[in-house]
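> structure for the following, please:
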Amino acid sequence: MSVKQNVFIFHGVGGSPNENWFPWLKEELERRSYNVIVPQFPTPEGQTLENWLKVLDDYREYLNEDTILIGHSLGVPFALNVVERFKVGAAYLVAGFYGKAGNDFDPKMVTFAQREFDWDQIRGNCEKFVVYHSDNDPYIKLDKAKKLAEKLNIEVTLISGAGHINQGSGYTKFHKLLEDIR
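Numbers count the residues shown, from 1 in each chain. This next block holds a predicted model:
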């Protein structure tokens, strides 16, 4: 009997496991025998990297060299922090950034994103990265995704006209992401 591959989905600021395309993707992956974990992190109150890492500690046994991380928005720099600490198989980074996002949420995202990342460590701890971004994201400009992709030595996968690739821009399903994971 084969061991199920673990997948984490990390939400963003003010987010939850029950929003956007997360429930749909969880169901689709579970039907394909993945073990999918979508933690609820403290947000916006108590939203610090330290507090999010404490929540992740409860799932530490599911983090290994085959684990897939999926981060959306603030979930992207959180995923980068995780990859900096642990070896994983792949990281799919959706509508994300590092450094300053350049929006009103920046003060609540400092501990996650506004620091020096060890990019060599990150690239060494993960075999595969994919960065998805839209050309009309109202929160995070495309150049932020391009800078992130550059650090990871990959190209941005452009999803044209998709806004923040969230429920607000019509994304309750994300077929491209599902195809890429498979």
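
> residue boundaries of the helices in this structure?
22-31, 49-57, 75-85, 110-113, 119-125, 142-151, 175-181 (DSSP state H).

> what comes up buried for the last one?
Translated: helix 175-181. Of the residues in helix 175-181, Lys176, Leu177, Ile181 count as buried by neighbour count, 16 or more other Cβ atoms under 10 Å. Quick note: C-beta positions are derived from backbone N, CA and C, even for glycine.

> quick check: the closest residue to the second one other than its chain neighbours vs Asp118, distance?
What it means is Leu177. Computed as Cβ to Cβ, 6 or more residues apart in numbering, the closest residue to Leu177 that is not its neighbour in sequence is Tyr92, at 6.0 Å. Tyr92 sits 20 Å away from Asp118, going by Cβ to Cβ, to the nearest Å.

> okay, those two: which has more neighbours?
Under the criterion of other Cβ atoms under 10 Å, the comparison of Tyr92 against Asp118 puts Tyr92 first, with 26 against 13.

> from Tyr132, how far out is that one?
Tyr92 sits 7 Å away from Tyr132, taking Cβ to Cβ as the criterion.

> again, but for Phe112
For Phe112, the distance to Tyr132 (Cβ to Cβ) stands at 19 Å.

> please apply the same query to Arg115.
For Arg115 relative to Tyr132 (Cβ to Cβ), the value is 23 Å.

> who has more neighbours out of these two?
Tyr132 (24 against 12).

> who's in contact with that one?
Tyr132 makes contact with Tyr92, Leu93, Val94, Ala95, Ala145, Val156, Thr157, Ile159, Ile165, Lys176, Leu177, according to Cβ atoms under 8 Å, 6 or more residues apart in numbering.

> of those residues, which is the nearest to Phe8?
Closest approach to Phe8 among these (Cβ to Cβ): Tyr92, at 10.3 Å.

> centroid-nearest residue for this structure?
Of all residues in the chain, the one closest to the mean position by Cα atoms, centre = their mean is Gly71, 0.9 Å from it.
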